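> Sharing a model prediction with you, sequence too.
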Amino acid sequence: MRVLKDEPIPEGYLRFRFNEDCGYQQCGYREHQTHFHCTRKDCGYSFCDKTRFVQHTARHERLDTLMGGDFQQYRANVYCQRPECPHASTFGTGQNKASHFHCLKCEFVCTDTNKVVAHRRQHQKLDSIQAAGFDKFQPSK
C-alpha cells in the first residue's frame with residue numbers, strides 16, 4: 001500500500017483539496033478535485049498535475065523577460081478591469097480564450113508576445129530619440 005504524504009508546495013502556489021472551495025469563480029476544479037492555483041494577481045492559472053509547477057514557473061519567467069516591466073499580462077480567466085479593452089468585454093462569457101497584454105506606457109493592447117516585443121522596441125526607439133533632445137516628427141492629418 002502506498003502512503004501519500006503532504007509534499008511541500010513551491011512558493012507562489014496554493015493547494016486546494018477536492019472538498020475545499022478555492023473561491024475562483026471560473027475554476028473548473030473547484031470543490032471536486034484537488035488542485036493548485038498560481039498566486040500571481042495577473043494569473044489565476046489552475047492545474048491538478050504536480051508536474052506543471054516547473055513548466056508554469058518557467059512560463060512566467062519567459063513572459064516577464066519579454067514584457068520587461070513595460071506590459072501587464074492578463075490571462076483569459078483574469079479580468080483586466082479596463083472597460084474600453086476589447087478583451088474585457090468577453091470576460092466571463094467563455095469567449096475569451098487568450099491571454100492579453102496591456103502596455104503600461106500607452107493604450108496599446110495585444111494577444112501576441114511577438115507584438116509585445118516589437119512594441120517595446122518602438123518605445124525604446126522613442127526614448128532614445130527624446131534622450132538625445134529630439135522629438136519624433138508627426139505628420140499633420
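Right, received. Where do you want to start? Numbers count the residues shown, from 1 in each chain.
> Contacts for the top helix by length along the chain, please.
Of all the segments of type helix in the chain, defined by DSSP state H, the longest one is helix 113-131. Under the criterion CB atoms under 8 Å, 6 or more residues apart in numbering, residues 63, 66-68, 70-71, 101, 103, 105-106, 108, 110, 135-136 lie in contact with helix 113-131. To be clear about C-beta, it is placed using only N, CA and C from the backbone, and glycine gets the same treatment.
> mind giving me the domain split of this structure?
Split into domains by automatic domain parsing, the chain comes to 8-62, 68-132.
> Determine which of those domains shows the lowest mean per-residue pLDDT.
Out of the domains of the chain, domain 68-132 stands lowest, with a mean of 86 (criterion: mean pLDDT).
> what's the straight distance from one end of that domain to the other?
22 Å (CA to CA, to the nearest Å).
> Tell me how many other residues crowd Lys36.
No Lys there; residue 36 is Phe. Using other CB atoms under 10 Å, the number of residues around Phe36 comes to 22.
> My read is that Thr57 contacts Gly12, right?
Yes - contact between Thr57 and Gly12 holds when scored by CB atoms under 8 Å: they sit 7.1 Å apart.
> who touches both of these two?
Common neighbours of Thr57 and Gly12, counting by CB under 8 Å, 6+ apart, are absent.
> before we move on, the earlier item: would you put the C-alpha positions of the longest helix of the chain in CSV?
Output of helix 113-131 as CSV, limited to C-alpha atoms (Å, rounded to 0.1, in the frame of the first residue of the first chain):
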residue,chain,number,x,y,z
THR,A,113,4.0,38.0,-27.5
ASN,A,114,5.8,38.9,-30.7
LYS,A,115,3.9,42.2,-30.8
VAL,A,116,4.8,42.8,-27.2
VAL,A,117,8.5,42.6,-28.1
ALA,A,118,8.0,44.8,-31.3
HIS,A,119,6.0,47.4,-29.3
ARG,A,120,8.6,47.6,-26.6
ARG,A,121,11.3,48.3,-29.3
GLN,A,122,9.2,51.2,-30.5
HIS,A,123,9.1,52.7,-27.1
GLN,A,124,12.9,52.2,-26.7
LYS,A,125,13.5,54.0,-30.0
LEU,A,126,11.3,56.9,-29.0
ASP,A,127,13.0,57.1,-25.6
SER,A,128,16.4,57.2,-27.3
ILE,A,129,15.3,59.9,-29.7
GLN,A,130,13.9,62.0,-26.8
ALA,A,131,17.0,61.4,-24.6
